[in-house]
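A.B. asks: predicted structure and sequence below. I'll ask about it afterward.
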Amino acid sequence: MEITLDDLKKALEPHGLAVVSKSDLENLKKDFYLHEYESYEHYREVQIFHNKRKINNVWADEKTLDLVAQRVQQEFPGKRLKALCHGTRNGFEQNYLAERLDADILGTDISDTATDYPRSVQWDFHDENPDWLEQHDFIYTNSLDQSWQPKVACTAWLNQLRGGGY
């Protein structure tokens, strides 16, 4: 029995997966912009400046965070969870999720303002913290777009998850 491309597409669709052509994949690379900084120090300065400038702004919305909480509860029913939220500025995300999930959630931000907020520490989410390796049930962020090295950030986050983490 020969499997057609349409068969494969139909089989993958319920799992949220798709077959993408090489040309479409090349076009996807044009759908984002990665700002290049003069140095790591420049990256830090820019991020801290904008953190302080927007300290009272919250971009995460409760509806989205409720969906995150619901999905996490489905993945880990009845379990007391431990998690990280990266790039949380004023702590809204980790505090909202911690209350909804009755979980231990720590937020990180590169700015020194992080220490002004409950459940927050000053930390660059690109950096590995040995105390966090394989310790968390889930990681949440809406700050990947602020990364200066997305692959490094994602690698650090994946290493912070326990087996079966989300």
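C.D. replies: Thanks, I have the structure now.
A.B. asks: for this protein, where's the lowest mean pLDDT among helices and strands?
C.D. replies: Ranked by mean pLDDT, DSSP states H and E, the weakest helix or strand in the chain is helix 22-28, scoring a mean of 64.
A.B. asks: which helix or strand lies directly C-terminal to that helix?
C.D. replies: Remark: after helix 22-28, the chain's next helix or strand is helix 40-53, criterion DSSP states H and E.
A.B. asks: state the mean pLDDT of that next one.
C.D. replies: For helix 40-53, mean pLDDT rounds to 95.
A.B. asks: can you name every helix or strand that that helix contacts?
C.D. replies: Of the remaining helices and strands, none touches helix 40-53 by 3 or more Cβ pairs under 8 Å, 6 or more residues apart in numbering; DSSP states H and E. Just so you know, the C-beta spots here come from the backbone N, C-alpha and C atoms, and that holds for glycine as well.
A.B. asks: tell me which residues in the next helix or strand after it are buried?
C.D. replies: Following helix 40-53 in sequence order, the next helix or strand is helix 62-75 (DSSP H and E). Within helix 62-75, the residues that count as buried by 16 or more other Cβ atoms under 10 Å are 65, 68-69, 72-73.
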